[in-house]
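Colleague: Quick one: sequence plus predicted model below, questions after.
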Amino acid sequence: MNWYLDVLKNYAGFSGRARRKEYWMFVLFNFIIAVVLSALGMAIDTQIPYFLYIAAVIVPSLAVMVRRLHDTGRSGWWFFISFVPLVGGIILLVFLASEGKPETNQHGANPKLAPAV
């Protein structure tokens, strides 16, 4: 749960790097919360809670994705490859699942080597 909250605390932080674990744990918790809110919406016959949640987490979702791309040594602009039909989403998924660069890059130091706070 700390991984999810850390991303929300860095709400619109598009600079820096994000580890794979940080990104995928955020995606997992985001998915679970969205499914629960959607089920709740079906039970109360409105999807307003679900849409409010999606609207609230769109910016942190994009920010953590950009930081994840930075960790792999790519620019955040690579996000737009997902709009290429058929293969764009697959390419982005491969980039997001790739191991981060172990050395310091133009986006900062390796987050795996950062001391625990």
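Modeller: Perfect, I can see it now.
Colleague: Check which helix or strand L52 maps to.
Modeller: Per DSSP states H and E: L52 is located in helix 48-71.
Colleague: Same question for A12.
Modeller: Using DSSP H and E, A12 is not contained in any helix or strand.
Colleague: buried stuff in the helix holding L52?
Modeller: By neighbour count with 16 or more other Cβ atoms under 10 Å, helix 48-71 contains the buried residues 50, 53-54, 57, 60-61, 63-71. (C-beta placed from N, C-alpha, C; glycine too.)
Colleague: Then stretch 6-17?
Modeller: By 16+ other Cβ under 10 Å, the buried positions in stretch 6-17 come out as 7, 10, 17.
Colleague: Disregarding residues adjacent in the polypeptide, which is nearest to the second one?
Modeller: The spatial neighbour of N10 that comes closest, neighbours along the chain excluded (Cβ to Cβ, 6 or more residues apart in numbering), is A63 at 6.8 Å.
Colleague: list the contacts for the one you found?
Modeller: Contacts of A63 were listed using Cβ atoms under 8 Å, 6 or more residues apart in numbering, and they are 7, 10-14.
Colleague: Now stretch 34-46: average pLDDT?
Modeller: Stretch 34-46 carries an average pLDDT of 95.
Colleague: List the contacts of the helix or strand hosting V94.
Modeller: Applying DSSP H and E as the criterion places V94 in helix 88-97. The contact list for helix 88-97 (Cβ under 8 Å, 6+ apart) reads 20, 23, 65, 68-69, 72, 74, 78-79, 81-82, 84.
Colleague: List the buried residues in it.
Modeller: Result for helix 88-97 [16+ other Cβ under 10 Å]: buried residues 92, 95-96.
Colleague: Over to stretch 20-31?
Modeller: Neighbour-count burial for stretch 20-31, with 16+ other Cβ under 10 Å as criterion, is recorded at 20, 22-27, 29-30.
Colleague: can you give me the mean pLDDT across it?
Modeller: pLDDT averaged over stretch 20-31 gives 94.
Colleague: so where's the protein uncertain?
Modeller: Counting by pLDDT under 70, the ranges of the chain that qualify are 114-117.
Colleague: surely Y4 meets M25?
Modeller: Yes - counting by Cβ atoms under 8 Å, Y4 touches M25, with 6.4 Å between them.
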